[in-house]
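Sequence and predicted structure below; questions after.
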Amino acid sequence: MSKGHLKCAIGALFIAAFCFITLPTEAFAQGKQALSDGNTAWLLTATALVLFMTIPGLALFYAGLVRARNVLSVLMHCYAVCCLASILWFVGVYSLAFGNGGGMNQWIGDLSKMFLSGVGTKALSGDIPETVFFMFQMTFAIITPALIVGAYVERIKFSAVCLFSALWLVFVYAPVCHWVWGGGWLADMGVMDFAGGLVVHATAGVSALVIAGALGARRGFPNEVRPPHNPGMTMIGASMLWVGWFGFNAGSAVAANESAGMAMTVTHISAATASIVWMAIEWIKYGKPTLVGTVTGTIAGLATITPASGFVGPMGAFIIGISAGIVCFYMVQMVKQAWKIDDTLDVFAVHGVGGILGIMMTAVLAATLDGQGLAEGMTITKALGVQGTGVIASVVWAGVVSFIIVKIVQAVGGLRVSHEDEVEGLDITTHGERGYEM
């Protein structure tokens with residue numbers, strides 16, 4: 001071999017080595033996907049949007065619906081739940097939800113990722129950093145117990161809020177999240193829950209009903225309860241929720257792709273449709289369309305499209321929006337008037353019923369009206385059976401375990417504030433502050 005040929009061969013080897021190091025293909029990366037800058041950027045954005053849903057979105061939405069003397073207590077509940085859930089997610093709940101449970105993997109994850117053990121800066125979840133996936137899923141773990149806040153405002157001890165939320169996140173949220181999204185038994189069955197109809201809305205809604213029943217009603221319920229003190233604040237919070245929900249649903253594609261685009265589109269269509277339907281029902285039934293009612297319809301449309309958002313097309317979303325506006329409106333009346341349960345801010349009627357309705361409608365609308373289709377070998381009838389199984393399992397688990405948690409909280413420190421504190425308002429009696437200087 002001549003010197004020229006030798007130099008060419010050496011040069012080729014250096015180029016090959018450089019490509020091996022800097023351009024890892026699937027084979028070079030030992031079977032792991034390469035990092036996607038685009039998907040990572042989108043998930044970072046979606047994470048911020050979902051956190052924006054809780055603080056300030058949900059906090060302001062709920063705070064405007066209570067009396068002026070309790071506005072700070074509601075803000076405090078949402079803020080404290082956010083901080084508490086974040087710490088618990090880091091300590092071990094993330095590992096329980098998404099860890100490898102070994103022989104128990106169908107039911108719960110293990111604790112191998114406690115304190116993010118083994119999750120370094122180079123660790124990937126698919127083609128995004130696992131730290132980003134950890135943060136994105138953390139925002140779901142934050143907002144889910146925060147949704148339950150709406151069931152017990154104006155009459156619960158702050159210590160009970162903290163203890164109930166912590167235990168609920170570990171014993172209700174983590175298992176159901178693992179069943180559906182962490183490779184558990186519902187995932188193996190093929191349940192379709194794109195962004196949390198079961199994991200978030202059904203579990204929170206049923207648990208809200210349990211704790212509202214255990215607490216008892218507010219003074220004067222149902223006929224002498226004071227109206228929302230600041231509907232404008234509620235509308236601002238609902239608007240933030242609407243914007244943040246794009247991260248909630250479109251972010252659940254875990255990629256910047258056509259699935260995320262469709263999820264965002266159908267989310268908006270369902271929300272707008274349910275808002276108009278709710279407003280129209282109020283207008284016909286009571287003679288006046290209210291701001292609070294209209295934005296409640298928005299949340300119903302958002303909750304109901306959540307499980308279906310990655311599976312249905314625009315016409316499916318339109319049908320879901322109409323259904324959400326009608327069904328959730330009348331469920332609000334049923335819970336408070338027929339059942340006599342003071343689920344104060346309608347968590348069960350809007351989120352629980354909406355999430356369950358969306359789960360069941362997904363089975364039909366995914367297969368029709370330009371939906372994304374069902375899995376191979378799955379028929380609409382089979383899909384309805386799988387979705388129904390998911391609903392029953394999630395609802396029963398959330399209801400039973402929440403009841404046990406409520407009894408534990410009652411035994412430890414009690415649930416309800418004194419009559420005097422309820423009359424005075426929780427802002428001053430619990431937190432020593434006032435939302436307004438009258």
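Looks like it came in fine. All values derive from a computational prediction rather than experimental measurement.

Convert whichever strand or helix holds G358 to CSV, retaining C-alpha atoms only.
Using DSSP states H and E, G358 falls within helix 353-365. The C-alpha trace of helix 353-365 is given here as CSV (Å, rounded to 0.1, in the frame of the first residue of the first chain):
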residue,chain,number,x,y,z
VAL,A,353,-68.7,12.8,35.3
GLY,A,354,-66.9,14.6,32.5
GLY,A,355,-63.9,12.4,32.7
ILE,A,356,-66.0,9.2,32.8
LEU,A,357,-68.2,10.5,29.9
GLY,A,358,-65.1,11.2,27.8
ILE,A,359,-63.6,7.8,28.5
MET,A,360,-66.7,6.0,27.3
MET,A,361,-67.3,8.2,24.3
THR,A,362,-63.7,7.6,23.2
ALA,A,363,-64.4,4.0,22.4
VAL,A,364,-67.1,5.0,19.8
LEU,A,365,-65.7,8.3,18.4
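
Centre of the chain to it, how far?
Counting by C-alpha atoms, centre = their mean, to the nearest Å, helix 353-365 is centred 15 Å from the centre of its parent chain.

Can you tell me what sits against it?
Helix 353-365 has contacts (C-beta atoms under 8 Å, 6 or more residues apart in numbering) with 192-194, 196-198, 200-202, 205, 300-301, 303-308, 311-313, 316, 319-320, 323-324, 327-328, 331, 371, 374, 380, 383-384, 386-388, 390-391, 395. Yep, even glycine has a C-beta here, placed from its N, CA and C like the rest.

Buried residues in that helix, which are they?
Of all the residues in helix 353-365, those buried under the rule 16 or more other C-beta atoms under 10 Å are 353-365.

Could I get the CA-only coordinates of the helix or strand harbouring T40 as PDB?
Following DSSP H and E, one finds T40 within helix 37-52. The C-alpha trace of helix 37-52 is given here as PDB (Å, rounded to 0.1, in the frame of the first residue of the first chain):
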ATOM      1  CA  ASP A  37     -34.500  18.800  20.500                       C
ATOM      2  CA  GLY A  38     -38.000  19.600  19.100                       C
ATOM      3  CA  ASN A  39     -39.900  17.200  21.300                       C
ATOM      4  CA  THR A  40     -37.900  18.300  24.300                       C
ATOM      5  CA  ALA A  41     -38.700  22.000  23.600                       C
ATOM      6  CA  TRP A  42     -42.400  21.200  23.300                       C
ATOM      7  CA  LEU A  43     -42.500  19.200  26.500                       C
ATOM      8  CA  LEU A  44     -40.700  21.900  28.400                       C
ATOM      9  CA  THR A  45     -43.400  24.400  27.200                       C
ATOM     10  CA  ALA A  46     -46.200  22.000  27.900                       C
ATOM     11  CA  THR A  47     -44.900  21.400  31.500                       C
ATOM     12  CA  ALA A  48     -45.000  25.200  32.100                       C
ATOM     13  CA  LEU A  49     -48.500  25.400  30.700                       C
ATOM     14  CA  VAL A  50     -49.800  22.600  32.900                       C
ATOM     15  CA  LEU A  51     -48.300  24.100  36.000                       C
ATOM     16  CA  PHE A  52     -49.900  27.400  35.000                       C
END
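
which secondary structure elements does it contact?
Contacts defined by 3 or more C-beta pairs under 8 Å, 6 or more residues apart in numbering; DSSP states H and E place helix 37-52 against strand 128-129, helix 130-152, helix 231-250.

which element follows it toward the C-terminus?
Counting by DSSP H and E, the next helix or strand C-terminal to helix 37-52 is helix 59-63.

Give me the distance between the residue nearest in space to the middle of the chain and M331.
Centroid check for the chain by C-alpha atoms, centre = their mean gives V200 as the closest residue, at 4.1 Å. Applying C-beta to C-beta, to the nearest Å, the value for V200 to M331 is 18 Å.

Would you mind finding the most buried of the helices and strands packed on helix 37-52?
Ranked by mean neighbour count, the helices and strands packed on helix 37-52 are led by helix 130-152 with a mean of 24 (mean count of other C-beta atoms under 10 Å).

Brilliant, that's me finished.
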